[in-house]
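Engineer: A structural model of the following input is requested.
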Amino acid sequence: RFLRTARSRIQMGQTLCNADSSRSHSAFTVSLCKADGACAIAEVLAKLTICDLAGSERANRTQTSGPRLREASNINQSLVVLGRCLEALRWNQ
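Structural biologist: Numbering: from 1, shown residues only. So this is what the prediction gives:
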């Protein structure tokens, strides 16, 4: 149910390099939990996070302009910020 809802919210756009370029990010976390007899979560055994990132494409290669160029710039900027966050997490482990 959750994946169907998420799939319906994906933003797609056409570029010169890709007819179905993802224009949105999504992240899912799946937790494997151990439950006690009363169906309450007693312990989290593992977590798996899955990320689907928007397409990062070079503007000169895709020949984008106008709103699509601004969108690509925003996507690229968000990927840079995500990279910085992941680097900070790595150093703070």
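
Engineer: rest of the way, CA atoms for contacts and neighbours
Structural biologist: Will do.

Engineer: helices and strands around the top strand by length along the chain, which ones?
Structural biologist: If each strand of the chain is counted by residues according to DSSP state E, the longest one is strand 41-52. Where contact means 3 or more Cα pairs under 8 Å, 6 or more residues apart in numbering; DSSP states H and E, strand 41-52 is packed against strand 26-35.

Engineer: what does the strand it packs on contact?
Structural biologist: By Cα atoms under 8 Å, 6 or more residues apart in numbering, the residues outside strand 26-35 that reach it are 41-53.

Engineer: now the two most distant members of those.
Structural biologist: The widest separation within the contacts of strand 26-35, taken as Cα to Cα, falls between A42 and L53 and amounts to 32.7 Å.

Engineer: out of these two, which sits in the busier spot?
Structural biologist: Taking other Cα atoms under 10 Å, A42 and L53 do not tie; L53 has more neighbours (15 against 12).

Engineer: torsion angles phi and psi at that one?
Structural biologist: Main-chain torsions, L53, degrees, to the nearest 10: phi -100, psi 150.

Engineer: was I right to think it contacts H25?
Structural biologist: Yes - using Cα atoms under 8 Å, L53 makes contact with H25 at a distance of 4.5 Å.

Engineer: what's near enough to touch A42?
Structural biologist: Residues near A42 by Cα under 8 Å, 6+ apart: C33, K34, A35, D36.
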